[in-house]
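*Asks:* dropping a prediction and its sequence here:
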Amino acid sequence: MKQRELLLGTLMLIALVQLVNAQGLNLIVRGNIAIGTEYQSLDFWGRNLSYSPGGGLGVEVGVQFDMLKGFGIQLTLGRQFNYTFHEETVNGITNRSSFTFNRRFISLGVLKNFTLTDGIVNSLQVGAGTNLNYPGTMTRVENEVVIEESSYYSNFGIYIDLVLRLKITDQIFLDPGIRYRQLNFSAESFSEGAVSELPDNLQEVNASGVEIGLTFVQRL
């Protein structure tokens, strides 16, 4: 894992060095709704919850460096939150089960901008990159009591995206887009015993997914 962190740190240092040659610096804030490529049925005290590790809601904050010939570099910090629950009332008693999976990440990507017009529909962007993910814990809760928790090893993921740039003013843009993310995690610990006691689908987690995102861009 240290070699991976060193590699990403080196790439980020290169990105910062490129600021010297950058034509412009932009602040970016991105939100997304993710749909996982793999769904699972989880059994909670006889109740089944449909859950996708690659789904959820996410937010990123960072910077974009505009380079020569329409290229740019993005560096962001982000968090993805996934939550599913089941609630039922039997004989006047309400039971609620929930399942969460959170991950934090540092993302570094390169994009190419293809100018379309000088108007609102300004350009099309194609991008790709990698992110170093620091997952939190996968948590199972029954009636507000934590029953199980499992944590996962940090891991690299990759992504590709396609973005349409909308020009609001000369300094402000909105970038709706779609991103495909490929990402997998391996369990590191389990609160109730050895990792081997987890179900197979929770020992190796496929967190890949498709993100529908919207990015706010402010030129500085």
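*Replies:* Alright, I've got the coordinates. Numbering: from 1, shown residues only.
*Asks:* identify the bridge partners of the residue most central in space within the chain.
*Replies:* Nearest to the mean C-alpha position of the chain, counting by Cα atoms, centre = their mean, stands Gln80 at 4.9 Å. Beta-bridge pairing of Gln80 under DSSP bridges involves Gly58, Arg103.
*Asks:* and it, how far from Gly127?
*Replies:* In this view, Gln80 and Gly127 are 18 Å apart by Cβ to Cβ, to the nearest Å. From N, CA and C alone the C-beta is placed, and that goes for glycine too.
*Asks:* for Ser208, same thing?
*Replies:* When Ser208 is compared with Gly127 (using Cβ to Cβ), they lie 17 Å apart.
*Asks:* same deal with Gly31?
*Replies:* When Gly31 is compared with Gly127 (using Cβ to Cβ), they lie 17 Å apart.
*Asks:* counting contacts, what elements does the helix or strand hosting His86 pack onto?
*Replies:* Here His86 is covered by strand 71-90, with elements defined by DSSP states H and E. The elements that strand 71-90 packs onto, with contact taken as 3 or more Cβ pairs under 8 Å, 6 or more residues apart in numbering; DSSP states H and E, are helix 2-17, strand 24-36, strand 47-51, strand 56-66, strand 93-115, strand 121-142.
*Asks:* the fifth one to strand 121-142, inter-axis angle?
*Replies:* Read it as strand 93-115. 160 degrees (axes from the mean of the first three to the mean of the last three Cα atoms, to 10 degrees).
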